[in-house]
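K.L.:
Fold the following for me, if possible:
(2 chains)
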Amino acid sequence: GAVVSQHPSRVICKSGTSVKIECRSLDFQATTMFWYRQFPKQSLMLMATSNEGSKATYEQGVEKDKFLINHASLTLSTLTVTSAHPEDSSFYICSAPSSWSTDTQYFGPGTRLTVL
Amino acid sequence: DAKTTQPTSMDCAEGRAANLPCNHSTISGNEYVYWYRQIHSQGPQYIIHGLKNNETNEMASLIITEDRKSSTLILPHATLRDTAVYYCIVRLHSGGGADGLTFGKGTHLIIQP
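P.N.:
Down below sits the predicted model:
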């Protein structure tokens, strides 16, 4: 199956700093990638759709100026949490549909963000 | 996307078949049933999907009722590593690649030794 990686797997930062999370499709190209957030004991919530070569689209209630998304190539999307605060602490997960089967999504392993 | 209803949690003995139900009574004719699972602190994993025929792959079987209002995911010989939250998602096919997924609460399946 398709492989999606994320880096870093875990990050701890101070309040007010910015954190960048990378999502890579390792063995396929992805013109579209998705970013999700998951708080403890809750389900995944879609945050935004990352589109290669164009602007990301954000779900209602997600601040685009706070969660900057860049999809600069067909294998890389980045999510930058700007001026992070403790309430941004969460599990961030990306996904991409494979180029040979857009019916299914392949997920990265997730990034655990802790803001102190 | 049609709404789905799943039990909050289920237990199953190791080595036995785990049968996870999902109700989707408002499913429309062109919507598929997808199953994903999420092992603790990992990203979700695709399991299987189907439209109306039963489907089987190396991970599981999917049984969809004739009226398509419910389905059952079957893990034929559950192992401890199958302990996870299982999500049943109903959505359109292949426009599916362009849209993110809407996750419900899922079923927490616990495999007992």
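
K.L.:
Any stretches of the chain with poor pLDDT?
P.N.:
This is for chain A. Low-confidence segments of chain A (pLDDT under 70): A:1, A:99-102.

K.L.:
I was thinking of chain B, sorry if that wasn't clear
P.N.:
B:1-2, B:94-98.

K.L.:
what about the helices in it?
P.N.:
Remark: helices of chain B are absent; assignment by DSSP state H.

K.L.:
Would you mind listing what in it touches chain A?
P.N.:
Neighbours of chain A within chain B, by Cβ under 8 Å from any Cβ of the partner chain: B:32, B:34, B:36, B:38, B:41-46, B:49, B:87, B:93-94, B:96-106. Yep, even glycine has a C-beta here, placed from its N, CA and C like the rest.

K.L.:
which among those end up buried?
P.N.:
Buried subset of those (neighbour count, 16 or more other Cβ atoms under 10 Å in any protein chain shown): B:32, B:34, B:36, B:38, B:43-46, B:49, B:87, B:96-97, B:99-103, B:106.

K.L.:
one step back: so which of the residues of chain B next to chain A sit within strands?
P.N.:
B:Y32, B:Y34, B:Y36, B:Q38, B:Q45, B:Y46, B:H49, B:Y87 (DSSP state E).

K.L.:
Identify the residue spatially nearest to the first one, adjacent ones excluded.
P.N.:
So the one you mean is B:Y32. Counting by Cβ to Cβ, 6 or more residues apart in numbering or on different chains, B:H93 is the residue found nearest to B:Y32 once chain neighbours are left out, at 4.8 Å.

K.L.:
can you tell me how far that neighbour sits from A:T31?
P.N.:
According to Cβ to Cβ, to the nearest Å, B:H93 and A:T31 sit 18 Å apart.
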